[in-house]
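Participant: Prediction below, plus the sequence it came from.
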Amino acid sequence: MDTAALEVVDLVKHYGSTKAVTGLSFTARPGAVTALLGPNGAGKTSTIEICEGFRRADGGSVRVLGLDPIGDATELKPRVGVMPQSGGVPTGARAAEWLRLMASFHASPIDPDLLLERLGLTSAGRTPFRRLSGGQQQRLSLACAVVGRPEIVFLDEPTAGLDPQARMATWDLVSALRTAGVAVILTTHHMEEAERLSDHVVIIDHGAVVVEGTPEELTGRRRDVRFSTEAPIDVDSLRTALPEGGTVATTLAGGRHQHTVTADDPDDLGPEFLATVTAWCASAGVLAEDLRVRRRTLEDVFLETTGRELRD
Amino acid sequence: MMTEHTFGATVADSDTTPTLSGDPGLFTPAPGAAPMWRMIAAQARMELRVMLRHGEQFLLTMVIPVLLLVGFSLVNVLDVGEGARVDALTPGILALAIMSTSFTGLAIGTGFERRYGVLKRLGATPLSRFGLLAAKTLAVLAVQTIQVTILCVVAVLLGWNPALSPTGVLAVLVLGLLATAAFSSLALLMAGTLRAEATLAGANLVYVLLLGLGGVLFPTSNFPAPMEQAVSVLPITALASGLRESLAHGALPSAGTFLVLVAWTLVCGLLASRLFRWE
C-alpha cells in the first residue's frame, strides 16, 4: 500500500455564512490520477485551493506529501505543481519566456522548449499571453505546473474549453505524469475525462464526498437494456414479464418512445434477462429498434448522486 | 541550468503528433528550489521586460518626460524660475521620471497582476514574497537608471550645466532612493487594496496632480504662501525641490526634505504590509 500523497480529513471551509466545504475526506496516491467531480459550487475549487495553501481551512486537516500546506509552505512549494482555473500569467508576458521563468525557480526543471513542443506551443512561444487562444493559455498554464518536476500536481479544470486535439495532448501529459509516479489531482466537469483518465473518482456535492471509488467500482457491473419504438408499448405487461425487481422507464424523445429496462440486482441483468425482453417484444409484436445493453456511465452515476436540477 | 534534463530529447517523428508516453523519464519527480539570487534575477528580468514592452507605460516613463524637458527648455511659455531654462527644468523632470516608474507604473502593473491572478500564482512557486518585492525593486531601479541616463544626455545636449559636487551627487542619489521607496510603498498600498481599474484611474490622477502641484515644471515658490506650505509635504515636492537645490543651486537639501520622504515611506510601507491583499 502506497503512502498517501494527499490526505484530506473532515475538511471544513466557510465564506461568511456560506458553507463551501462541510466535512470532506479523501486521499490521493502517488502515481495515480484522482479526479474531483461535482456540480458548480460543490466545493471543488475551495478544496483544491486549501491543498495548494492559498486558503486556510476552518476545520479538519490537509496533509500534502505529509506536510501542512501553509505551515510548511517553503518546503512544500518546490514539490507541488499548480494549475489555476484561469489566468496567473501577466498579459504582456510571452509564452516561452514565462515558462522559462517558471523553470528558473526550480533546481532541475524540464527543458521548457521541449515541454512547449510536446504541448504544441512552439509556434506560440513569442506570443504575449493575452493573444494566446483559450486552449493555448490552458496548455501554457499546465506546462507551468509541471516544468519544475513536482511530486504532486493540482490541475483545476485542465481541459475546460479545449478543442479535441488539445484535450488529447493534455490527457497524454496527465497519463505520462501518472506513469512517472506523480500524484495528479484534477477537477473536471467532463465525465469522459474522469472515466478515461482517473484511477480514483471522488464525487463531491454540497461540500462533502457523495461517493468515491475507481471508475469501474462506480459504474460497476450495473447495466441496462435500452430500445426505442415508434408507438407506445404496454409497460405494465413488460414489467410483469421481467424477473422480480425489474423496472421499465419510458420517455418520449424526438417523437420516439425510449425505453430503459433495469434490474435492481445487477447480477440479474444477464443474457437471460435480455432474452426475456426480446421474447416479450416478439410476443407483443413490438419491433425494438436501437436495442442495446448499455453499461452505466460515470455520467449516470454523477446525475444519480448529485441530482438533475440545474445549479448556478 | 535549464538544460540539465537527463532524458533523451529526441523529437524525431515530427510529422506525427508528438506523444509524451514515449518518454516516461521526462516527468520523473526531481523537485527542488533554485537558489534565491537566481529566482530574484530571473523575476527581475521578467518584470523589466514587461515594463519596457508596455506601450502606455513607455509613454509615461520615457516619452512624456523627454517631451516636457525639450519642449519647455526650447519654448518660453512657462515661468520655470531663474537661470537657464534647462538648468531650472531638469531636476523637476528627473523627479517626474522617478515618480512615473516607482509610483504610476508600479501601481498599475501590480494592480493588474493582482487582478489576473499573477501574484497568487507566483505565491505557489518557490519565489518568496520577499523575492518578488526584491525583483520588483530591482526592475524599478533598472528602468529609472535608463530614464535618468536618457534625460541627462538630452539635458546636456540642450546645454544643461548642473552644479555638481561630491556631496551634491550623494544627496541626489539618497533622495532618489528614498523617493523610490516612498512612491513604491504608496504604489503597493493602492495596488494591493483597490480594484485594478481604481488603481489605474487613481495612479494616473495622482500622477497628473503631482505633476501640476509638486514643483516639477516650476518651483513651488511661484505658489501663494499657504499653498506652498501645503504642497511641501508631498513626496514629489520634496524630491523635486531637493533635486533642484542640489543640481541647480549646488546646495544641500534641508533635513525636512529627507524627513518628508522617510515619513511617506514609513506610513505607506506599514499600511501596505498590513493591508496588501494578494488576490
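Facilitator: In hand now; what should we look at?

Participant: Looking at B:Ser273 now. What's its pLDDT?
Facilitator: With respect to pLDDT, B:Ser273 scores 88.

Participant: what's the burial count for it?
Facilitator: Other residues within reach of B:Ser273 by the criterion other C-beta atoms under 10 Å in any protein chain shown amount to 12. Glycine gets a C-beta too; all of them are placed from N, C-alpha and C.

Participant: where along chain A do the strands fall?
Facilitator: Using DSSP state E, the strands of chain A run over A:6-15, A:18-28, A:33-37, A:59-64, A:80-83, A:152-156, A:183-188, A:200-205, A:208-213, A:223-229, A:246-253, A:256-263, A:289-295.

Participant: Nearest to B:Leu189 among these would be which one?
Facilitator: For the strands of chain A, proximity to B:Leu189 was assessed by C-beta to C-beta; strand A:6-15 is nearest, at 25.6 Å.

Participant: Which residues of the stretch 151-300 of chain A lie near chain B?
Facilitator: A:151, A:165, A:168-169, A:172-173, A:175-177, A:179-182 (C-beta under 8 Å from any C-beta of the partner chain).

Participant: Poorly predicted segments of chain A, please.
Facilitator: A:1-2, A:308-312 (pLDDT under 70).

Participant: are any of the residues of the stretch 151-300 of chain A next to chain B buried, and which?
Facilitator: A:Glu151, A:Ala169, A:Asp172, A:Leu173, A:Ser175, A:Ala176, A:Leu177, A:Thr179, A:Ala180, A:Gly181, A:Val182 (16 or more other C-beta atoms under 10 Å in any protein chain shown).

Participant: out of those residues, what pair is the most spread apart?
Facilitator: Of all pairs in these, the most separated under C-beta to C-beta is A:Glu151 and A:Ala169 at 22.6 Å.

Participant: Just give the number of residues close to the closest residue to A:Thr122 other than its chain neighbours.
Facilitator: In space, and not counting its chain neighbours, A:Thr122 is closest to A:Leu116: 5.0 Å by C-beta to C-beta, 6 or more residues apart in numbering or on different chains. The tally of other residues near A:Leu116 (other C-beta under 10 Å) stands at 22.

Participant: show me the contacts for A:Leu116.
Facilitator: A:Ala95, A:Ala96, A:Leu99, A:Thr122, A:Ala124, A:Gly125, A:Ala143 (C-beta atoms under 8 Å, 6 or more residues apart in numbering or on different chains).

Participant: Next one: the last one from A:Leu101, what distance?
Facilitator: With distances defined as C-beta to C-beta, to the nearest Å, the gap from A:Ala143 to A:Leu101 amounts to 12 Å.

Participant: And the first one, by the same measure?
Facilitator: Taking C-beta to C-beta as the criterion, A:Ala95 is separated from A:Leu101 by 11 Å.

Participant: Of the two, which one has the most company?
Facilitator: Each of A:Ala95 and A:Leu101 has its neighbours counted (other C-beta under 10 Å); A:Ala95 has more, 28 against 24.

Participant: contacting residues around the more buried one?
Facilitator: Shown in contact with A:Ala95 (C-beta under 8 Å, 6+ apart): A:Leu116, A:Leu121, A:Ala124, A:Gly125, A:Arg126, A:Thr127, A:Phe129, A:Leu132, A:Gln136, A:Leu140.

Participant: can we see that at 7 Å?
Facilitator: Contacts for A:Ala95 (C-beta atoms under 7 Å, 6 or more residues apart in numbering or on different chains) come out as A:Leu121, A:Ala124, A:Gly125, A:Thr127, A:Phe129, A:Leu132, A:Leu140.

Participant: now A:Pro128
Facilitator: A:Thr91, A:Gly92, A:Ala93, A:Arg94.

Participant: Could you dump the residues you listed into JSON lines and include distance to chain B?
Facilitator: Below are those laid out as JSON lines (distance: C-beta to the nearest C-beta, whole Å):
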{"residue": "A:Thr91", "distance to chain B": "6"}
{"residue": "A:Gly92", "distance to chain B": "5"}
{"residue": "A:Ala93", "distance to chain B": "6"}
{"residue": "A:Arg94", "distance to chain B": "9"}
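
Participant: Where neighbours are concerned, which of those has the most?
Facilitator: Comparing those by number of neighbours (other C-beta under 10 Å), A:Arg94 comes first, having 23 neighbours.

Participant: can you pull out the helices in the stretch 101-250 of chain B?
Facilitator: Using DSSP state H, counting those that start in this stretch, the helices assigned to the stretch 101-250 of chain B run over residues B:106-115, B:118-122, B:129-157, B:166-193, B:196-213, B:225-231, B:235-248.

Participant: Dump those into TSV; add distance to B:Phe276, mean pLDDT and mean neighbour count as well.
Facilitator: As requested, those are exported to TSV (distance: least, C-beta to C-beta, whole Å; pLDDT from 0 to 100; neighbours: other C-beta atoms under 10 Å in any protein chain shown):
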stretch	distance to B:Phe276	mean pLDDT	mean neighbour count
helix B:106-115	9	93	24
helix B:118-122	9	94	22
helix B:129-157	9	95	17
helix B:166-193	3	94	21
helix B:196-213	12	92	17
helix B:225-231	28	88	13
helix B:235-248	19	93	26
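
Participant: To A:Thr229, which of those lies closest?
Facilitator: Using C-beta to C-beta as the measure, helix B:118-122 is the one of those that comes nearest A:Thr229, at 55.0 Å.

Participant: Quick one: residues contacting A:Gly245.
Facilitator: A:Gly245 sits next to A:Ala263, A:Asp264, A:Asp265, A:Asp268 when contact means C-beta under 7 Å, 6+ apart.

Participant: A:Asp224 too?
Facilitator: Under the criterion of C-beta under 7 Å, 6+ apart, the neighbours of A:Asp224 are A:Thr260, A:Val261, A:Thr262, A:Arg294, A:Arg296.

Participant: For those residues, pick the one with the most neighbours.
Facilitator: Busiest of the contacts of A:Asp224 [other C-beta under 10 Å] is A:Val261, holding 24 neighbours.

Participant: can you list the residues of the stretch 1-150 of chain A near chain B?
Facilitator: Neighbours of chain B within the stretch 1-150 of chain A, by C-beta under 7 Å from any C-beta of the partner chain: A:52, A:54, A:77-79, A:82, A:84, A:87-93, A:97, A:100-112, A:114, A:117-118, A:146, A:148-150.

Participant: rewinding a little: farthest-apart pair in the contacts of A:Asp224, please.
Facilitator: A:Val261 and A:Arg296 (13.2 Å).

Participant: packing partners for the lengthiest helix in chain A?
Facilitator: Counting by DSSP state H, the longest helix found in chain A is helix A:164-179. With contacts defined as 3 or more C-beta pairs under 7 Å, 6 or more residues apart in numbering or on different chains; DSSP states H and E, helix A:164-179 has these neighbours: helix A:134-146, strand A:183-188, helix A:191-197.

Participant: most packed of these?
Facilitator: strand A:183-188 (a mean of 26; mean count of other C-beta atoms under 10 Å in any protein chain shown).

Participant: angle of it against strand A:200-205?
Facilitator: 40 degrees (axes from the mean of the first three to the mean of the last three C-alpha atoms, to 10 degrees).

Participant: can I have strand A:183-188 written out in CSV, keeping just the CAs?
Facilitator: What follows is strand A:183-188, C-alpha atoms only, in CSV (Å, rounded to 0.1, in the frame of the first residue of the first chain):
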residue,chain,number,x,y,z
ALA,A,183,0.3,12.2,-7.9
VAL,A,184,-2.3,14.1,-10.1
ILE,A,185,-5.3,15.7,-8.5
LEU,A,186,-7.7,17.3,-11.0
THR,A,187,-11.1,18.7,-11.1
THR,A,188,-13.4,18.3,-14.1
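
Participant: Nothing else from me, thank you.
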